[in-house]
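Asks: I need the structure of the sequence given here:
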Amino acid sequence: MDINFNKNEDHNRLLLSDLRRRLAEVKLGGGKSRIEKHHAKGKLTARERIAYLIDSEENSIEIGAFAGDNMYAEHGGCPSGGVVVKIAHVQGKQCVVVANDATVKAGAWFPITGKKNLRAQEIAIENRLPIIYLVDSAGVYLPMQDEIFPDKEHFGRIFRNNAIMSSMGITQISAVMGSCVAGGAYLPIMSDEALIVDKTGSIFLAGSYLVKAAIGESIDNETLGGATTHCEISGVTDYKAKVDKDALDTIKNIMGKIGDFEKAGFNRIKASEPTAPEDEIFGILPKSRSDQYDMLEIIKRLVDDSKFEQYKEGFGKTILTGYARIDGWSVGIVANQRKVVKTKKGEMQFGGVIYSDSADKATRFIANCNQKKIPLVFLQDVTGFMVGSKSEHGGIIKDGAKMVNAVSNSVVPKFTVVIGNSYGAGNYAMCGKAYDPRFMVAWPSAELAVMSGNSAAKVLLQIEKAALEKKGEAFDAKKEKALFDKIKTRYDDQVSPYYAAARLWTDAIIDPTDTRKWISLGIEAANHAPIQKQFNMGVLQV
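Replies: Reported below is the predicted structural model:
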């Protein structure tokens, strides 16, 4: 190993260490003191409930752990968006589990909470996965009600999705393990089956204080909407549980009796580990996002037996396309090659840039995977499409549009991993969030933005400099550097993978060595949903 490998490894392992530290903080939810108060009520935390319910933590993935990260500081923060979402197995059945974290503002819904719940339902709908809700929420966070209540993708969309999933035959089970008030009361009752925990669970459209204020009736919350009321008088809930674990055991019993599902039929054989050590990824991936490296070496450490069968190997070399297996599943890989390559004509092409020939190759390969019913994996480290007169005259916009068209109309499941750069139209062509990947994850080394912090700072500096000079203000080298540094610092914060994850632009920031698990569990989920449409790219400029 050379010195650069060691430097890269040190840098990337520090990024991984920082990721683990941040995750440990997030998993504390509202903090240790609030967890202790939660336990004092005889309740498990959201994460403890999920851990007890699912078959294996090791064989699960968490969606949106960093949702809300560094957001809502003026409201005390909202770790993980106040809700924990995992894809896991319960009694051998893969499902989505959604648990309100009542240690965070009593489980109240912030805007990001609504977005995360909708993301969980989206995963259940597109993959036809059963969904389990562990409800413990005070409802909408009133100081921000205008940002979560009335719009299309707000709180009400949750119940609309409940109804849609029911019509699709997707199993929904709810356990009311704490508060369930106002509009939120509809969620468990729109599920197929609803459980409630005695003395700690409650369901009502209006609590005792509001009832007193509205109609003058004096009544306690337990009599108004507790377990006995809803299991023996109203008939709103189906099962009464003594404690949290009793409710979770009932869910396990229900899940264990669900029949098998119709499969999409994606190809899978016995899995093999990569022959190239996965942890060498940390030394291969450069410390600087502008440095070159061979993406083939990354691919060899992600695929079974390190075997990658390249498609059009000698053409369009700034994108790698080819077939492989990940944990036994057949996949088609589209990856940005990050080293400078030479064309047959002897021209040099920059790594990480999409040229006309590479866009053309990727388009054809995506079409082939759709014809063969092979899931697609996109490995992003892209700075965008090639610019300049030669590219424009050669029709780069037309060729880029073909690739975007193929990605948009693809009917096989798509999975996107942001390894490094994810800039501009390159993000779109390589199946960014707007193009419906089943999962989109980022490594700690990822950057997502219109352009790099350095490039953006230079552009914005020129604009601000021109504006100041127009006003007749002096602009010396010292002032120029100070302004550049200020702009770059602000922009660098926004390209961070944590900034993206906080807003759910990605589903997770992951350890690179967990990439195989994410893709494998993702394809397993997608295998629950048979493909209903034919691949058709529509009208193209040829």
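
Asks: Ile366: what's it in contact with?
Replies: Counting by C-beta atoms under 8 Å, 6 or more residues apart in numbering, Ile366 makes contact with 332, 334, 376, 403, 406-407, 410. Using the backbone N, CA and C atoms, a C-beta is placed for each residue, glycine as well.

Asks: Touching, Arg157 and Lys115? I think so.
Replies: No - with contacts defined as C-beta atoms under 8 Å, Arg157 does not count as touching Lys115, sitting 9.9 Å away.

Asks: ok, back up a step: mind putting the contacts of Ile366 in CSV, secondary structure included?
Replies: Listed next are the contacts of Ile366 as CSV, based on DSSP: H, G, I helix; E, B strand; the rest coil:
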residue, secondary structure
Gly332, strand
Val334, strand
Leu376, strand
Met403, helix
Ala406, helix
Val407, helix
Ser410, coil
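
Asks: Closest to Gln91 out of these?
Replies: Nearest to Gln91 among the contacts of Ile366: Leu376, at 30.9 Å, using C-beta to C-beta.

Asks: Please report how far that closest one lies from Glu480.
Replies: To Glu480, Leu376 is 45 Å away according to C-beta to C-beta, to the nearest Å.

Asks: Who has more neighbours out of the two?
Replies: Leu376 (24 against 14; other C-beta atoms under 10 Å).

Asks: what are the bridge partners for that one, then?
Replies: Gly332, Lys414 (DSSP bridges).

Asks: Please name the residues that touch it.
Replies: 331-334, 366, 369, 410, 412-415, 431.

Asks: ok, it to Ile366 distance?
Replies: Distance of Leu376 to Ile366, given as C-beta to C-beta: 7 Å.

Asks: Show me where the stretch 251-400 of the chain has its helices.
Replies: Taking DSSP state H, counting those that start in this stretch, the helices of the stretch 251-400 of the chain run over residues 281-284, 295-300, 356-372, 389-393, 396-409.

Asks: Figure out which of those is closest to Asp492.
Replies: Asp492 lies closest, by C-beta to C-beta, to one member of the helices of the stretch 251-400 of the chain: helix 281-284, at 22.0 Å.

Asks: With just CA atoms, put the closest one into PDB.
Replies: C-alpha atoms of helix 281-284 as PDB (Å, rounded to 0.1, in the frame of the first residue of the first chain):
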ATOM      1  CA  ILE A 281     -12.600   1.000   0.000                       C
ATOM      2  CA  PHE A 282     -11.400   3.400   2.700                       C
ATOM      3  CA  GLY A 283      -7.900   3.600   1.200                       C
ATOM      4  CA  ILE A 284      -9.000   3.700  -2.400                       C
END
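
Asks: any low-confidence regions in the stretch 151-300 of the chain?
Replies: 183 (pLDDT under 70).

Asks: Do a quick rundown of the strands in it.
Replies: 172-180, 193-197, 239-241 (DSSP state E, counting those that start in this stretch).

Asks: Ile251 versus the closest residue to Ala502 other than its chain neighbours, what's the distance?
Replies: Using C-beta to C-beta, 6 or more residues apart in numbering and skipping the chain neighbours, the partner closest in space to Ala502 is Asp69 (3.8 Å). For Asp69, the distance to Ile251 equals 30 Å [C-beta to C-beta].

Asks: got it, and Val181?
Replies: To Ile251, Val181 is 22 Å away according to C-beta to C-beta.

Asks: ok, the two, which is more surrounded?
Replies: Between Val181 and Ile251, counting by other C-beta under 10 Å, Ile251 is the more crowded of the two (24 against 19).

Asks: need the contact list for the closest residue to Asp279 other than its chain neighbours.
Replies: Nearest residue to Asp279, sequence neighbours excluded (C-beta to C-beta, 6+ apart): Thr513, at 6.2 Å. By C-beta under 8 Å, 6+ apart, the contact set of Thr513 is 278-279, 281.

Asks: on contacts alone, who are the packing partners of the lengthiest helix in the chain?
Replies: Determined from DSSP state H, the single longest helix within the chain is helix 3-26. Packing contacts for helix 3-26, counted by 3 or more C-beta pairs under 8 Å, 6 or more residues apart in numbering; DSSP states H and E, involve helix 281-284.
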